[in-house]
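Engineer: Have a look at this prediction, sequence included:
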Amino acid sequence: MSSMKYEDMRARIENIVNQPIRKFKPKELKGIIERYHNNHPKSKEAYERARKIIPGGVEHNLAFNHPFPLASKRVYACYMETIDEVVLTDYLMCGGPIILGHQYKPLIDKVGEVIQEFGPCHGLTNEYEYLAAEQLQKHFPSCEIIRWLQSGTEADMLAIRVARIFTGRKHIIKIGGSYHGWSDQLVFDMHISGTKRLESHGIPKEIYKYIDSIPPNDIEALEQIFKEKKKVAAVIIEPMGGESGANPVRLGFNKEVEELCHNNGTLLISDEVVCAFRLHMSGGQGYFGYNPDLSVFGKIVGHGYPSAAALGGRADIMATVAAGVGGGAKRAYCGGTLAANPLTCAAAYWAMKYVEETKATEKAGRAASRLSHGLNEVFEKYNLPWFSYNFGGTVHFHTSCVFGLDLNDPKQSGQIKIRKDFMDEMGAALVDQEIISVAGSRFYTCMLHSDEIVDDTIKKIDKICQKIE
Ligand SMILES: Cc1ncc(COP(=O)(O)O)c(C=O)c1O
C-alpha cells in the first residue's frame, strides 16, 4: 500500500495548508532563476520562436516549466538531454507512460518492424488488435471486452456515454480534484477539490446538469447523493486519489464506492490511465482490490507510443460499443480514424509483455519507495513541514501543497496562486540540480532509476532544502 498511512498524510497536508509556505531565501531564488536563464539559452530561444506560432509557446501542460519550457535534444534510459546539452535525470517520464526507461531497445525494434511492414495505419483490422487486448485482459480480468481508442480523454468520454446507455440513467459523479481528461463534461472540479467550474471556460454550464462531484474520500457525501439522485449512471474514480494520488485516497474508499454503486444499480468506472502497470500490473483495481464495471486506459498502455488508450469492461456493458454503422440498437457512438492502428497495438502488446518480463513495475515501485523515504529524511533534517509518499512508481512530495487547499476555508481559498508559484520555483530549483520533475511536486520512476541514481537525487534535494528560509 502507500508508504504512509492515510491519517498521517491527511494530518501532514492539514499542517502545511494551515501555515504560511516555507519559501526560498530571496538570494538563493535569484541565483536559481539566473542560472536557469544562463544554462538554457537555446531552450529560451526555442521558446521565443515557438511563441510566435504556437499558443503560449508550449503545447503540453506538463512541459510548462518555470521560467520557460525546456526543449529536448534526446532522451535515453532515465535521462533527458536538452538542446543546451544539459542532462537531466528524468522523473517526468512523459507524465507516467515510460516505465521501461526511454528508448527500450527491444520495444523500438518491434515497433520498427511494424512500421516497415504496415506503415503507421491502413484502416483494416490487424491481429495486434486482439493480441494486445488479450494481453491487457490477462492483467485486468474485469475487462471482458476491450475497445482501443486514441487518448485517455476519449476513453473517459466514451465510458460515461456507455454507462448512460447501459443504465438508462444520466447522472455521473466524480471525485473532487480528479482528472479524467478534457472532454466538455469532465472539465469539472479538477486538480483541487471544490474548484467545480473554475476551468470550464467555453463550456456552457448546462453541460454540467448531470455531472456532480463529492469531496475526496467522503463516502457519506456519496451516500447523500445516492439518496438525492437515485438515478446515478456511474461514479468515476482515480484509484490512487485525485491527480494521481496528490490528493491521496483513503484505504478502503474505492471498495466502499464499489459497494455503494452496486447497491444502487450504478456502474463503477476505474480510470486506470496512470495506475495500470505503474501502480501494479493490475492497476488500481488489483492493488486496492475492487471490481469496476468499466476501466479506462491511456498512455502507459502503449508505453507512450501514440495513440494508445482503451475502454474495457463487462461484456454486456461493452456490447453497446460494437462497431459498424447503423443496426438499429442503441449504441454508444465512437470512432477514431487512427484508433487501434497496428503501430499502437503492437507497441501496446510488446510493452505489456516487456513490462511483465522485466518486472519493471516492481522495480519502479522500489525506486519510488527509496526516493520518498529519503526525501522524508531530508525534510525532517531541515525541520520542514514537507513530506513525501509513494503509490508504486508515483512519488508525491508536498511542499506548498496546493492540492490540499480547502476552498471552503476563506483563509485557504485565496492561496492557490502563491502555492502554485512556489511549486513552479521548486521545479526550477530541481532543474538547477539537473532533475526534471512533474510540476515541482511529483516524480515518476522507471525500472532504470537505480539505488545510486535515487540516492544522488536525494542528495541534490538536500542541497535545495538548504536554500529554504
Ligand atoms: C487519470 C487520467 N485520466 C485521463 C487522462 C487523460 O489522458 P490523455 O492525456 O491521454 O487524454 C489523464 C492524463 O493525464 C489522467 O491522468
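Structural biologist: Sure, I can see it.
Engineer: Output stretch 430-438 as PDB, restricted to C-alpha atoms.
Structural biologist: The C-alpha trace of stretch 430-438 is given here as PDB (Å, rounded to 0.1, in the frame of the first residue of the first chain):
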ATOM      1  CA  LEU A 430      15.100  20.900  -9.400                       C
ATOM      2  CA  VAL A 431      16.200  21.800 -12.900                       C
ATOM      3  CA  ASP A 432      19.100  23.800 -11.300                       C
ATOM      4  CA  GLN A 433      20.100  20.400  -9.800                       C
ATOM      5  CA  GLU A 434      19.600  18.700 -13.200                       C
ATOM      6  CA  ILE A 435      16.500  16.900 -12.200                       C
ATOM      7  CA  ILE A 436      13.200  17.100 -14.100                       C
ATOM      8  CA  SER A 437      10.000  16.600 -12.100                       C
ATOM      9  CA  VAL A 438       6.300  16.700 -12.700                       C
END
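Engineer: So which elements touch the host helix or strand of Ile146?
Structural biologist: For Ile146, the host element (DSSP states H and E) is strand 145-149. Here strand 145-149 touches helix 127-139, helix 152-167, strand 309-313, helix 315-318, helix 342-358, going by 3 or more C-beta pairs under 8 Å, 6 or more residues apart in numbering; DSSP states H and E. Any C-beta I mention is one placed from the backbone N, CA and C, and that applies to glycine too.
Engineer: Kindly recompute the last result at 6 Å.
Structural biologist: strand 309-313 (3 or more C-beta pairs under 6 Å, 6 or more residues apart in numbering; DSSP states H and E).
Engineer: one step back: could you list the paired strands of the strand holding Ile146 along with their orientation?
Structural biologist: If you go by DSSP bridges, strand 145-149 pairs up with strand 309-313 (antiparallel).
Engineer: Give me the angle between the strand it pairs with and helix 342-358.
Structural biologist: Angle of strand 309-313 versus helix 342-358, following axes from the mean of the first three to the mean of the last three C-alpha atoms, to 10 degrees, is 70 degrees.
Engineer: burial measure for the residue nearest to Gly152 when sequence neighbours are not counted, as a count.
Structural biologist: Leaving aside its chain neighbours, Gly152 sits nearest to Gly298 (2.8 Å; criterion: C-beta to C-beta, 6 or more residues apart in numbering). A count of nearby residues for Gly298, using other C-beta atoms under 10 Å, gives 28.
Engineer: so where is the stretch 201-350 of the chain shaky, pLDDT-wise?
Structural biologist: 323-328 (pLDDT under 70).
Engineer: domains for this protein, by residue range?
Structural biologist: 6-40+359-465, 105-358 (automatic domain parsing).
Engineer: out of those, which comes closest to Ala46?
Structural biologist: The closest of the domains of the chain to Ala46 is domain 6-40+359-465. By C-beta to C-beta, the value is 9.3 Å.
Engineer: end-to-end on that closest one?
Structural biologist: End-to-end distance for domain 6-40+359-465, by C-alpha to C-alpha, to the nearest Å: 25 Å.
Engineer: Report the rounded mean pLDDT for it.
Structural biologist: If you average the pLDDT over domain 6-40+359-465, you get 96.
Engineer: all strands in the stretch 251-400 of the chain, in order from the N-terminus.
Structural biologist: 267-271, 294-297, 309-313, 387-391, 394-398 (DSSP state E, counting those that start in this stretch).
Engineer: need the ones you listed in a markdown table with mean neighbour count and distance to Ala159, can you?
Structural biologist: Below are those laid out as a markdown table (neighbours: other C-beta atoms under 10 Å; distance: least, C-beta to C-beta, whole Å):
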| stretch | mean neighbour count | distance to Ala159 |
| --- | --- | --- |
| strand 267-271 | 28 | 5 |
| strand 294-297 | 29 | 5 |
| strand 309-313 | 29 | 6 |
| strand 387-391 | 26 | 22 |
| strand 394-398 | 27 | 22 |
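Engineer: Save those strands as JSON lines, and put in distance to Tyr210 too.
Structural biologist: Below are those laid out as JSON lines (distance: least, C-beta to C-beta, whole Å):
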{"stretch": "strand 267-271", "distance to Tyr210": "14"}
{"stretch": "strand 294-297", "distance to Tyr210": "17"}
{"stretch": "strand 309-313", "distance to Tyr210": "20"}
{"stretch": "strand 387-391", "distance to Tyr210": "31"}
{"stretch": "strand 394-398", "distance to Tyr210": "31"}
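Engineer: Minimum distance to the ligand: which of these has it?
Structural biologist: strand 267-271 (4.5 Å; C-beta to the nearest ligand atom).
Engineer: Now do that closest one: which elements does it pack against?
Structural biologist: So strand 267-271, by 3+ C-beta pairs under 6 Å, 6+ apart, packs with strand 232-237, strand 294-297.
Engineer: With only the CA atoms kept, save the longest one in CSV.
Structural biologist: Extracted as CSV, the C-alpha positions of strand 232-237 are listed here (Å, rounded to 0.1, in the frame of the first residue of the first chain):
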residue,chain,number,x,y,z
VAL,A,232,-26.8,7.8,-11.0
ALA,A,233,-25.4,6.1,-14.1
ALA,A,234,-21.8,5.9,-12.9
VAL,A,235,-19.2,7.0,-10.4
ILE,A,236,-15.8,7.6,-11.9
ILE,A,237,-12.6,7.3,-9.8
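Engineer: and the residue in the chain positioned nearest to the ligand, how many neighbours does it have?
Structural biologist: Here the residue of the chain nearest the ligand is Gly152; by C-beta to the nearest ligand atom that distance is 2.3 Å. Per other C-beta under 10 Å, the neighbour tally for Gly152 reads 25.
Engineer: How about Lys52?
Structural biologist: 7.
Engineer: The one 10 residues further on too?
Structural biologist: Counted with other C-beta under 10 Å, the neighbours of Leu62 add up to 16.
Engineer: List the contacts of the residue nearest to Gly152.
Structural biologist: 152, 273, 309 (C-beta atoms under 6 Å, 6 or more residues apart in numbering).
Engineer: Would you mind putting the helices and strands packed on strand 267-271 into TSV with distance to the ligand alongside?
Structural biologist: Shown next, in TSV, are those (distance: least, C-beta to the nearest ligand atom, whole Å):
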stretch	distance to the ligand
strand 232-237	9
strand 294-297	7
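Engineer: right, and Ser43 touches Ser72 too?
Structural biologist: No - using C-beta atoms under 6 Å, Ser43 makes no contact with Ser72, being 9.1 Å away.
Engineer: quick one: the nearest residue to His280 once chain neighbours are set aside from Val257, how far?
Structural biologist: Nearest in space to His280, with sequence neighbours left out and distances taken as C-beta to C-beta, 6+ apart, is Tyr287 at 3.9 Å. Applying C-beta to C-beta, to the nearest Å, the value for Tyr287 to Val257 is 15 Å.
Engineer: Fine, thanks again, bye for now.
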